[in-house]
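Need the 3D shape of this:
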Amino acid sequence: MPLSGFNRLVEVHDVLMLIVPLVDNPPWARRRREKLTREEEQENQEPSKDGKVCWGRPVCSDTPSSVSTVAFLFPANLSLQKKKKKRGKHIWEKLDENNKWSKVDAADLLKLTPIEVNAWLLVFFLTCTTEIRKSYHLNSFRKASLLRIRKFINDMVLDQLPVLADVQR
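Numbers count the residues shown, from 1 in each chain. Alright, predicted model coming up:
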């Protein structure tokens, strides 16, 4: 790469400081709740005597409408009326090569995807190239930012990308 390219990456754009938040909080991985099935949703609703539900609360036809409205607006004991609802379980997803979200098991969460490999190789390239190290001034802010991503370099990552051992030092 020509010297002007290095200069632009390091001095103008400061790409190393741009990549640190991406490694720290990756947009290519997410945790979300799995959607419930219809049966689980129906179990989740509170049935009334008549089987009618209004605004997620049971409504009985034997009580006057004004009483049920008052009970709805001003419940006597909130702790008795609130019932914990079932929600879907948490699942982890990562972007694959086709830019589609795919479900990842907890055991495979530390397995690097090509997007993560590119980010880590960029960090390696910008921190271990001698020409860049000479021209890149490490002040206290930059040093603290770089030390933030050091915690993500563990044995699993080093097994997949052994070149990161130099970055860890």
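
could you pull out the helices for the protein?
Along the chain, counting by DSSP state H, helices occupy 3-7, 15-24, 38-44, 65-73, 78-81, 114-128, 130-135, 140-149, 155-160, 164-168.

What residues of the last one count as buried?
So the one you mean is helix 164-168. Counting neighbours by 16 or more other Cβ atoms under 10 Å, one finds that the buried residues in helix 164-168 are 164, 167. C-betas here are computed from N, CA, C, even on glycine.

So what's the residue count around residue 148?
Each residue near residue 148 was counted by other Cβ atoms under 10 Å, and the total is 12.

wouldn't it be in contact with residue 24 here?
Yes. With the criterion set as Cβ atoms under 8 Å, residue 148 and residue 24 qualify as a contacting pair; they are 5.7 Å apart.

Need the overlap of contacts for those two.
Common neighbours of residue 148 and residue 24 (criterion: Cβ atoms under 8 Å, 6 or more residues apart in numbering): none identified.

shaky segments in this protein?
1-3, 38-86 (pLDDT under 70).

which residues sit in contact with the closest residue to residue 11 other than its chain neighbours?
If you skip the residues right next to it in sequence, residue 11 has residue 135 as its closest partner in space, 7.2 Å away by Cβ to Cβ, 6 or more residues apart in numbering. With contact set as Cβ under 8 Å, 6+ apart, residue 135 has these partners: 6-7, 10-11.

check contacts around residue 88.
So, once contact is read as Cβ under 8 Å, 6+ apart, residue 88 ends up touching 33-36, 40.

for those residues, which one is nearest residue 111?
Within these, distances to residue 111 taken as Cβ to Cβ reach their minimum at residue 34, with 20.6 Å.

Surely the closest one is in contact with residue 92?
No. Taking contact to mean Cβ under 8 Å, the distance of 10.7 Å between residue 34 and residue 92 leaves them out of contact.

In terms of neighbours, single out the busier of the two.
Legend: neighbour count by other Cβ under 10 Å for residue 34 and residue 92, higher for residue 92 (15 against 11).

Who is the more buried one paired with across the strands?
Residue 92 has the following beta-bridge partners by DSSP bridges: residue 31, residue 104.
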